[in-house]
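K.L.:
coordinates only, sequence not included:
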C-alpha cells in the first residue's frame, strides 16, 4: 500500500514537473468580439482560450453580453481558440495582434454521430494492456462481442448475456434465481485446482469477481451471489475474450483460465445525448414433472414399507396415513392434495431502467449513467435490487497531457432463501400434508404446519417449504466503489507515450441469514431454532499500472508498437462473522439481540495478497503482411515462498496475411483478408490461499486446564510452484466480400503443467490429512470455428447469419501416484455411477449396469447361462439371480430391477459394469439469423446447442426410485405390484434393494438445440424522430427459451458440471422444471 | 541522443521500483503465528505443550480409544443407531474402508509432540529465563504423550509407521514403511526412558497433576507396556515406583454416590493418575455415544449378569462399581459417562452442557492390578491375590464373583485378575486390550477366552465365522485404512486383510 502510493506520487510529480517547464513570463492584453458570421449578431458567453503549442490551456475568459472579451495572454507565441456549441471552433495564432475578432460559422455536421460500419474501420482491439492493435492485425485467438448485439436480452448480468455467443467459451447455467452467477469456462477447464474462472479485465485493470473461500453463505449457494452483477450491461461498449496462451501471456499469472476484457462506454464529442433504456421482463416457471397427489402418495408409501420387510406400516405410530376422521387433528392435516411446487412458485418479473448522458467538447468528455434494476424471482422470497452509477470523464489538458477519471458505484440488495434446497424439498414433500395447520375442528389456521418431525424425517432433511421461503431468509448486501485515475503523457508525441493508472476498489459485502423456528418446527432446546447470522466481508484493493508505449514511425513498410508495463496489485480481505441461535422469537432476527449465547459463534479473519508484473510486449509488422508479436512477463506473487515467488511467462505469435501477397492480388476483388496465425505462450496460475509457504501456528478455541493451547496448523509448502499453462494455437481468418463473409478458425492445445491440487491426501502419520501440491499435467485441446455472413443484402433487406462451433476435450497426461484413480462410488450404492481417471483418456466417461426392465415373476429371476438355459447348482438346485455374491449376496425378487448379466454367471457384480456414455459434450456452439428491413425493423434470433453427449437424468432417478418417503412422479403409477405385471417400473421398496443402481436407465442422449432468444426491434425512422425532437428511439420485444429440440426426456439437458473441478464429476440433471421462459419489452429513447 | 536518454531513464524506472518490491511481496498472516516467529519464549513452549493435550480432546481421538478398547469385546452392545462401521467392528467384519481403522487422530497429536520435541530447544537461543530443567520437563510431557499414543497404536494395529520428526514443511515429508512390533515397542520405551528422569512429580496443583504427564504417568505407561510385552520384572519395578510414592490411594466406596461423584463426575481424585480434562468449553463425545436418544452404545446384559452379578438375597449387598456406577441396570445406559449423579437411587442423567466427564487413562487401581498380574507370572501369586482383594474390598465385590483361585496356579489367578479388571475398568477402553493380552500370553495359550469374548456381539448365524476369523491371530489387529495405503506406497496391508 505504502509503496503503491509512493510510486503513484512519484509519477504524478514527474508529470507536473515536465508541464511546469513550459511556463512563460511576458503578459500582453488582447481584446475583440465574437459574432455569428451569418447575421453579425454578437455571441455572449463564448469561451476564448489561450493555448500553448501543445494545445494546453493557459488562460481562458468568456465574452460578455455583447460578445466582447478581453484576455491577458502569457505569450504572443501562443494561439487563441474560440469555441461555442453549435459553431465551428476557430484557432488563430496571436502573432502580436492586440485586437482579434472572431466571426463564427454555424456547424451543421458536428452533432451528427457518424456510425462506423464495416470491419476495417472498427476501432482497434484493446487487450487491456494498452497496445491498440487493429483486429485485422491480431496474431492470437481473440473474439469480440459488441454490446449492441446483446442490448435486447433480458439478462441482468453480462455472463447471462454472452452465453453461446463466443466459440470456445462455455457458460454454465446455475439456479436461475435473481442475481445468480454462472460459471465461465474458456476452452475447458485448464486446472484441477478449484477455480477455473477467467480473469476479468475492466477498462484495462483486473477486476476481482471471486469471493474468498472462507466467506460462508450458510446453506445458500455461493454461486448465488455474482460479483459480475456489479457491471451493468448497459454501460458496456464491448467485450473481448483472449483465448490462446500467447494473448493471455500479457496478463501472466492470473490468465491461465483465459481473459475477458470488458470496456465501458466513454464520452464522445458532441452535444449532450441523453439515453433512456427500459427493459421489463416476465419470468415464468414452466410446468414441472407431474407428481403424485396426496391420495396416490398415501397408497404408495404403505405398499413400499410392506414390500421392504413384509410387515405392514404401523398406522398407529404413523398416523400420517391413517385417514381416520375420528382422529381429527391428524385427519385434517394429513388428508390433503397439496401441490407444494405451486405453493412456492410465483411469476417473476424485472424492470431495468437506465439513464445515461454522454457528450463533450474539445477539452472534456463525459459518460455518466445511473441505473436501477428491480427483480422478483420465480421462487417466493427471492428478489434483487441493484443501483449502479458510473461516471467516465476524459479531460484533455493539452495535446500532450490527458487524464481520465472514472468512478463506479454499485449497490446490490439480494434476497435469497435461507437455503437453496427449497425447490427440491417442495418436490419431495408429502402431498397429503397441509400447508397451514388445521385445528381439531377442521378449520384452517394462519399458522404454518411445521411438525417437529413426521414420517419423512425432520429438519434438515425436510421442512415446510413455504414457511422456509416466506419466513427464512438470506440477504446479501453489496456495495462496491471503484474510483480510478489515469494520466497519459506524450513524452515524444506520436512516438512515446507514458500512462499511469491507479485504481481503488472498495468492495463490501454483508450476508445475513435467519432460520425461523416456524419453518423447521424443532423444539427450542435445539440449536437450529431461530438461528441468525451476520457476516461482513470487507475488501480493499489498490491496483496500479504504469505503461510506456513506444510507437516509432519506421516508414511505410514497417510498423512497430512496443510496450513496457509495470503492474501491481494489493488486496486486503477482512471478514467477521457473528452467529447466535435460540433467539426468543421468530420475529427477533438479528444476531445483535441477546440469545442463548452458549451456541453463538463469533469469528474474524483477515488476509492480504500482493502481486506485481513486469511486461514487455512488442508487435512488429512488415509490409502489412508479416506480423509478429512477442511478449515476456515476469510475475511476482506473495502467495509463494521465496524459492518460487517469481514466474516468467513468454509468448510469441505471428500472422501471415496471405491475401496481401502479390500473387493473391487477382483475388483482391472479393477477398478482404486471408491470414494464417500461429501462437505459443505461457500463462500462470497461483494458488488461491495466502500464506501457504509458512508453517503456521494457531490457537485451539478451547483451553486445557485453563491454559490456552497452540498447535501447528499448517506445514510450510516450500515446494509449491506456479501452475503453468503452455498453449499453442493455429488459426486462420478468411474475410470476403467487403465484410459480408467472415470465417475464423482455431486449433489449439493447452497443456497445464504442475497443476496445483489443493487437497492431495497425505499419509496421516504426518499429522495432516491433505495439503496443496503440484500434481501433474493435463491437456485441453480442441478447435473452434466461427462464421459471420450476410448472404443477402439489398436496399431494403439485409439478412445475416452467424454460426459458431467448438470442440474441446480434457485429458490428464500425468498425475501424482497419490492422486486417486477412481471415484468413491461403491457397488450396490443406488444412484451412483462409477468414473475413473485414466491417463490419456478424456474426462467424463461413466460406467454402470445395463437396465433390462423388471423381473415379472419368480421364474424370471432364475439365473440363465449364455444360451438361455437355467444354471443348475452342484446339487441340482435352481439358482436364482444374485447381487454381488458373496459380499452382499442379495437374491433378486419378482418386481426388482433387472440388470444385464454380461458374463452370464448368475451374479450381478463389478464384472457386469460397462461403459455407459460420456457427459462432456463433443460440440458446443450457437447460431443466429438476423433480418433487417429498411433499417427500421430488425429481427434477431439466436440458437444454442450442445451435441453428442449423455446426461444422467437425475430428475427421473429421484422421482421414480420409490426408496424413501419422498414424493414421486406419476410415472410410478405403472410400478410392478403383482407377479406377472409387465412393466419397466420396479416395485416400491423402502430403503432397501438395488432398484436404482447407476445404469443406462437414466443415461440419455442429451444433444439439444435450443431456441434461446428472438427479438423484434423497431427503430423509429429519422423523419418521425425529428417531429418529436428525439435523437433516436427504438422499441423491442424479446422472448427467451421458447423451445428446445432434443431427444432427452428430462427437464434441462443444458447442465454443466459446476463448482470445483474434479476429474470424477459427471453431469447430472436434477432439474424437475425446464428453464424459465422469459419475455421482455424494451424501450430506448435518446434526446 | 536526448531521446535515447529519455527512453533509458523511463526504461530503468520500473527496474528500480522492482527491486524494492521484493520486500513488498513478503506478507505474513495477521491472524496466526508463523513458525519462524514462534519458539521465542518459554510461555510459547507451554502453550504448545497445552496444545498437545487440548488436541486429545478433539474428536475422534477419544471415540477411537473407546472403540478400539471396547467394541470387539463383550461389555458393550449396539443399538438401532450404531453406525455401520461400528457394527462391523463389533461383529468382526472389518474392512480397510472402515472409518474406525483411521488412525489420523492419534498421529495428529503425535505430530504436535514431535513439534515440541524438535523445536522447543530453539527457545534457549532467545529466552535466557528458560532453564534446562524446565525445557526437559516440557519435552518429557511430549515424549510421554507420544509414547502413550504409540502404545495405543501398537496394541490396535500391531505394526505401524514410526514418525518421530515434526512435519513443519513439505520438504520433511517422507514415505514410511511399517515397523515391527518390537521396533515400535523400542521406540515407546526410548521415549519413556527419555521422559522419566525429567518429568515433574507435581505441578503443584491437583488438576494439573492429573491432567498432565507426571513422572508417575510415565511409570504407569511403562508398567502397562512392559506388561504387554510380558516383561514382568520391569512392570513390577514401574508399578512400585508409583506405589512407593504414597501419593495415590483408592477412593472409599462405602457410599456409592460419593464414590461416583468423586471418582467420575468430578474427576481428578486422589486415585487418578492421568485423565483427559474435558470441560464446559470442550465437551466430551459421550453425549451422542451414550446419552441422547440416538445413542450408539449401551452396556451388554452380561455386565450385570456375568461380571458384577446381583445378590438377590440381600439387595444392600452390591458391588459399588455395578448398577449406579458403571451402568444403569434398568436400561443398560453406560452410566460411568452418562450419569450426573451415582448411587442406586435418584440417578440423574447428564444434559449436553454438562457432558464433560473426563476420559480415564490410568488410575491407581490399574497400577495395583497390573502389579498383581506381574506378580502372578513371577510366581508370587499370593502377593497378587492380596492386591486383588484390596480392590475387591474397596468395591464391595460380591462373593459370587470370587473364583477363589489357587495362588499356585498363575493361570487361574490371571483369569481372576482379568475378570476383576473388567469390573474395575468397565467401559474405560481397556477390556479388549486386557483380553488380548491375556489370550496372547504364552503363544496364545488362552485363545479360547478371546474367542468366547468376541462371539458375544455376533449374530447367531455368524458366530462360527467370527470364531474362525479370530483363530487367525493376525485378525486381532485392525487393518491399515485404505486411505493410508493410497497415500503411502511403502505401507503393506496387515496380513489378515491382504
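P.N.:
Structure's in. What do you need? Values in this document were obtained by computation on a predicted structure and should not be read as measured data.
K.L.:
residue ranges for the helices of the stretch 201-350 of chain A, please.
P.N.:
Secondary structure of the stretch 201-350 of chain A (DSSP state H, counting those that start in this stretch): helices at A:245-248, A:294-309, A:328-333, A:340-344.
K.L.:
Could you list every helix and strand that the third one packs against?
P.N.:
For helix A:328-333, the elements it packs on are strand A:436-438, judged by 3 or more CB pairs under 8 Å, 6 or more residues apart in numbering or on different chains; DSSP states H and E. Placement of C-beta: from N, CA and C, glycine included.
K.L.:
nearest residue to the residue nearest to the spatial centre of chain B other than its sequence neighbours?
P.N.:
Geometric centre of chain B, nearest residue: residue B:65, 5.3 Å, by CA atoms, centre = their mean. Leaving aside its sequence neighbours, residue B:65 sits nearest to residue B:429 (CB to CB, 6 or more residues apart in numbering or on different chains; 4.8 Å).
K.L.:
same question, residue A:817
P.N.:
Nearest one to residue A:817, counting by CB to CB, 6+ apart, is residue B:489 at 6.6 Å.
K.L.:
repeat for residue B:42
P.N.:
Nearest to residue B:42 is residue B:130, by CB to CB, 6+ apart, at 4.3 Å.
K.L.:
Report pLDDT for the residue in the stretch 951-1087 of chain A that chain B sits nearest to.
P.N.:
Nearest residue of the stretch 951-1087 of chain A to chain B (CB to the nearest CB) works out as residue A:991 at 13.3 Å. For residue A:991, the pLDDT comes out at 78.
K.L.:
and residue A:851, backbone torsions?
P.N.:
Per-residue torsions, residue A:851: phi -90, psi 130 (degrees, to the nearest 10).
K.L.:
Check the one 10 residues further on too.
P.N.:
Dihedral angles of residue A:861 (phi, psi; degrees, to the nearest 10) stand at phi -90, psi 0.
K.L.:
Chain B versus that one, what's the distance?
P.N.:
For residue A:861, the distance to chain B equals 24 Å [CB to the nearest CB, to the nearest Å].
K.L.:
How about residue A:615?
P.N.:
Separation of residue A:615 from chain B (CB to the nearest CB) stands at 10 Å.
K.L.:
now do residue A:693
P.N.:
Counting by CB to the nearest CB, the gap from residue A:693 to chain B is 8 Å.
K.L.:
How about residue A:429?
P.N.:
24 Å.
K.L.:
Could you give the number of residues near the closest residue to that residue other than its chain neighbours?
P.N.:
Nearest residue to residue A:429 in three dimensions, chain neighbours excluded: residue A:340, at 4.6 Å (CB to CB, 6+ apart). Residue A:340: 23 surrounding residues under other CB atoms under 10 Å in any protein chain shown.
K.L.:
Residue B:293 now?
P.N.:
By the criterion of other CB under 10 Å, residue B:293 has 6 neighbours.
K.L.:
Now it: phi and psi?
P.N.:
Torsion angles, degrees, to the nearest 10, at residue B:293: phi -60, psi -20.
K.L.:
Just the local confidence number for it, please.
P.N.:
pLDDT recorded at residue B:293 is 74.
K.L.:
How many residues are close by the residue in the stretch 1-150 of chain B that chain A sits nearest to?
P.N.:
Nearest residue of the stretch 1-150 of chain B to chain A (CB to the nearest CB) works out as residue B:111 at 2.4 Å. A count of neighbours around residue B:111, defined by other CB under 10 Å, yields 26.
K.L.:
what's the spacing between residue A:653 and residue A:614?
P.N.:
Distance of residue A:653 to residue A:614, given as CB to CB, to the nearest Å: 20 Å.
K.L.:
Equivalent analysis for residue A:988, please.
P.N.:
Per CB to CB, residue A:988 is found 67 Å from residue A:614.
K.L.:
Likewise for residue A:67?
P.N.:
Using CB to CB, residue A:67 is found at 56 Å from residue A:614.
K.L.:
Those two: who's more crowded?
P.N.:
The neighbour comparison of residue A:67 against residue A:614 (other CB under 10 Å) goes to residue A:614, with 22 against 19.
K.L.:
List phi and psi for that one.
P.N.:
For residue A:614, the backbone dihedrals are phi -120, psi 120 (criterion: degrees, to the nearest 10).
K.L.:
Name the nearest residue to it, sequence neighbours excluded.
P.N.:
Excluding its sequence neighbours, the residue lying closest to residue A:614 (CB to CB, 6+ apart) is residue A:634, at 4.8 Å.
K.L.:
any low-confidence regions in chain B?
P.N.:
Applying pLDDT under 70 to chain B picks out residues B:1-21.
K.L.:
correct me, but residue A:569 touches residue A:610?
P.N.:
Yes - in this structure, residue A:569 is within contact of residue A:610 by CB atoms under 8 Å, at 6.8 Å.
K.L.:
And chain B, what are its domain boundaries?
P.N.:
For chain B, automatic domain parsing gives the domain ranges B:10-233+B:478-497, B:256-342, B:362-466.
K.L.:
What residues are bridge-paired with residue A:805?
P.N.:
For residue A:805, the residues forming beta bridges with it (DSSP bridges) are residue A:785, residue A:925.
K.L.:
does the residue nearest to residue B:65 count as helix, strand or coil?
P.N.:
Here residue B:429 takes the coil state, with states given by DSSP: H, G, I helix; E, B strand; the rest coil.
K.L.:
got the phi/psi numbers for it?
P.N.:
phi 80, psi 30.
K.L.:
Wait, it touches residue B:71, no?
P.N.:
No - taking contacts as CB under 8 Å, residue B:429 lies outside contact range of residue B:71: 10.0 Å.
K.L.:
Those two: which is more packed in?
P.N.:
Just comparing residue B:429 and residue B:71: by other CB under 10 Å the higher neighbour count belongs to residue B:71, 26 against 19.
K.L.:
The one helix or strand residue A:423 maps to - what's its average pLDDT?
P.N.:
For residue A:423, the host element (DSSP states H and E) is helix A:422-428. The pLDDT scores in helix A:422-428 average 88.
K.L.:
Chain neighbours aside, what residue packs nearest to residue B:475?
P.N.:
Counting by CB to CB, 6+ apart, the residue nearest residue B:475 is residue B:496, at 4.4 Å.
K.L.:
Wait, a helix at the one you found?
P.N.:
Yes - counting by three-state DSSP, residue B:496 is found in a helix.
K.L.:
my read: it touches residue B:474, true?
P.N.:
Yes - assessed by CB under 8 Å, residue B:496 is found in contact with residue B:474 at 3.8 Å.
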